[in-house]
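Trainee: Here's my sequence, what's the structure:
(one chain, ligands or ions: 1)
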Amino acid sequence: MRNFLQKITIFMQGRYGTDTLNNCLTVLFFIIWFVKIFIFNRLARLIILAFQIALLALILFRALSRNITKRSAENRKFVPVYNAVKNWCQLTWKKFKDRKEYRYLKCPVCKAQLRVKNQKGVHTVRCPRCGSEFEKKI
Ligand SMILES: [Zn+2]
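Mentor: Below you'll find the model as predicted:
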């Protein structure tokens, strides 16, 4: 077993390995695999299988690539998009969890997300980021 791991380590030297983009592609691969369970049309399954094979080839190509500069550049372009989606999902989940206790407002000046107690009445809200004040009726 140890010998096998050493061989893998030697094989992977100088290769790119994995990154955020590859991890997301792998997750996408398994999501497609799961969705395929519910599709019974033979032609659609074949097309999805071809897409999965192409996706797997891309994942392996990126992981085993020796062109580290190019793979890093691809990942650098992907990470801001990934972070935007991740932040939106986290905020949406937080809004859902806090829906009984808090309200989420958007600052009209700087568009920052503000959290206020969910109490009826007119509230004067002060944005901690830009300092502007506005009134909001809940
Ligand atoms: Zn603001």
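Trainee: mind checking the longest helix of the chain?
Mentor: Ranked by residue count, the top helix of the chain under DSSP state H comes out as helix 68-97.
Trainee: tell me which residues in whichever helix or strand comes after that one are buried?
Mentor: Heading C-terminal from helix 68-97, the first helix or strand you meet, by DSSP states H and E, is strand 102-106. Neighbour-count burial for strand 102-106, counted by 16 or more other C-beta atoms under 10 Å, picks out 103, 105. C-beta: built from backbone N, CA, C; applies to glycine.
Trainee: what angle do the longest helix of the chain and strand 102-106 make?
Mentor: Relative orientation of helix 68-97 and strand 102-106, computed by axes from the mean of the first three to the mean of the last three C-alpha atoms, to 10 degrees: 130 degrees.
Trainee: Report the mean confidence score over helix 68-97.
Mentor: Helix 68-97 shows a mean pLDDT of 96 in the predicted model.
Trainee: Mind listing what's buried along that helix?
Mentor: In helix 68-97, counting by 16+ other C-beta under 10 Å, buried: 71, 74, 75, 78.
Trainee: For those, give me JSON lines that also has distance to residue 88.
Mentor: Formatted as JSON lines, those follow (distance: C-beta to C-beta, whole Å):
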{"residue": "71", "distance to residue 88": "26"}
{"residue": "74", "distance to residue 88": "22"}
{"residue": "75", "distance to residue 88": "20"}
{"residue": "78", "distance to residue 88": "16"}
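Trainee: which two from these end up farthest apart in space?
Mentor: Greatest spacing in the buried residues of helix 68-97, by C-beta to C-beta: 71 and 78 (10.6 Å).
Trainee: just to revisit the earlier point, of all the buried residues of helix 68-97, which comes closest to residue 44?
Mentor: Distances from residue 44 to those, taken by C-beta to C-beta, are shortest for residue 78, at 27.9 Å.
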